[in-house]
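**Q** sequence unavailable; structure follows:
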């Protein structure tokens, strides 16, 4: 598919048919003014859809991409590199980019914490990282797990040597919000904030009904833990409280922003 052609809807008629990259681009617009010069790295660039959207919304952006299979990349004039995000050092100097994006990548990795540490290394002080992954903590996903034993988007997978499937397509690592945020704090980021692409109707209904009760029980468990083991750093306690926030309880896709301190 050429990137200047309309992309088919990803949801039934009458529902939000925008793609995850559209929502990531929307969030980027809230972080970085459109007229500001911007050096951007897209980790897991795929076909280049996110870069294409950011080039439209931020005319002064300078983009580069890196992907496990750069042969998929379709944008002309944008540098694209190969990388194995489980083990490779990103081929860029320290503090090279104002914005790093990593959309729908970490769930495919055996070692997602490695690529987040690398993202921190190449982000400039004051720069932003935006990560997205399937939201396994939405109330819809929690219910599916309770009934079937599998999170939404994490059904049984083929083995990596199955010739009928491209190994990189497999969702092998569910990453809940707390553990993604914890990995970002460990890497050195701050201001870790959850967002979502769209709120699912079923999850939104049950979040309105059960959300206060979930937060009450989570607070009781946290107080008991603190009495027995002492408090954790406030940044970690904040992540734990956000585990039952509206974006996490209702979102189809989890989008997390984090900043490298000045």
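**A** Arrived safely, thanks for sending. These numbers come from a predicted model, not from an experiment.
**Q** so which residue is dead centre in this structure?
**A** For the chain, residue 132 is the residue whose C-alpha lies nearest the centre (C-alpha atoms, centre = their mean; 1.5 Å).
**Q** list the neighbouring strands of the helix or strand where that residue lies plus their orientation.
**A** Counting by DSSP states H and E, the element that carries residue 132 is strand 123-134. Applying DSSP bridges to the sheet, strand 123-134 is found paired with strand 97-103 (parallel), strand 253-259 (antiparallel).
**Q** dump those strands to JSON lines, plus distance to residue 46 and mean pLDDT.
**A** C-beta: built from backbone N, CA, C; applies to glycine. Compiled in JSON lines, the strands paired with strand 123-134 are given as follows (distance: least, C-beta to C-beta, whole Å; pLDDT from 0 to 100):
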{"stretch": "strand 97-103", "distance to residue 46": "8", "mean pLDDT": "98"}
{"stretch": "strand 253-259", "distance to residue 46": "15", "mean pLDDT": "98"}
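**Q** so what's residue 200 up against?
**A** With contact taken as C-beta atoms under 8 Å, 6 or more residues apart in numbering, residue 200 is in contact with 138, 140, 250-252.
**Q** again, only using 6 Å
**A** For residue 200, the set of contacting residues under the criterion of C-beta atoms under 6 Å, 6 or more residues apart in numbering consists of 140, 250, 252.
**Q** coming back round to it: state the distance from the residue nearest to the centre of the chain to residue 94.
**A** As judged by C-beta to C-beta, to the nearest Å, residue 132 and residue 94 stand 25 Å apart.
**Q** buried sites along stretch 147-155?
**A** Neighbour counts using 16 or more other C-beta atoms under 10 Å place 151-154 of stretch 147-155 among the buried residues.
**Q** can you check stretch 27-38 too?
**A** Along stretch 27-38, the positions that meet the burial threshold by neighbour count (16+ other C-beta under 10 Å) are 27-28, 32, 38.
**Q** again, but for stretch 99-113
**A** Of the residues in stretch 99-113, those buried under the neighbour-count criterion (16+ other C-beta under 10 Å) are 99-109, 112-113.
**Q** same question for stretch 120-140.
**A** When neighbours are counted by 16+ other C-beta under 10 Å, the buried residues of stretch 120-140 are found to be 120-124, 127-140.
**Q** hmm, back to that, same list (the contacts of residue 200) but as TSV, adding distance to residue 22, pLDDT and secondary structure.
**A** Formatted as TSV, the entries for the contacts of residue 200 read as follows, by distance: C-beta to C-beta, whole Å; pLDDT from 0 to 100; DSSP: H, G, I helix; E, B strand; the rest coil:
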residue	distance to residue 22	pLDDT	secondary structure
140	21	96	helix
250	18	97	helix
252	13	96	coil
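**Q** out of the residues you listed, the closest to residue 169 would be?
**A** Minimum separation from residue 169 among the contacts of residue 200 (C-beta to C-beta) is found for residue 252, which lies at 18.8 Å.
**Q** was I right about that closest one contacting residue 198?
**A** Yes - when contacts are counted by C-beta atoms under 6 Å, residue 252 is listed as touching residue 198 (5.4 Å).
**Q** the two: which has the busier surroundings?
**A** Counted by other C-beta atoms under 10 Å, residue 252 and residue 198 do not tie: residue 252 has more neighbours, with 21 against 17.
**Q** residues contacting that one?
**A** The contact partners of residue 252, by C-beta under 6 Å, 6+ apart, come to 197-198, 200.
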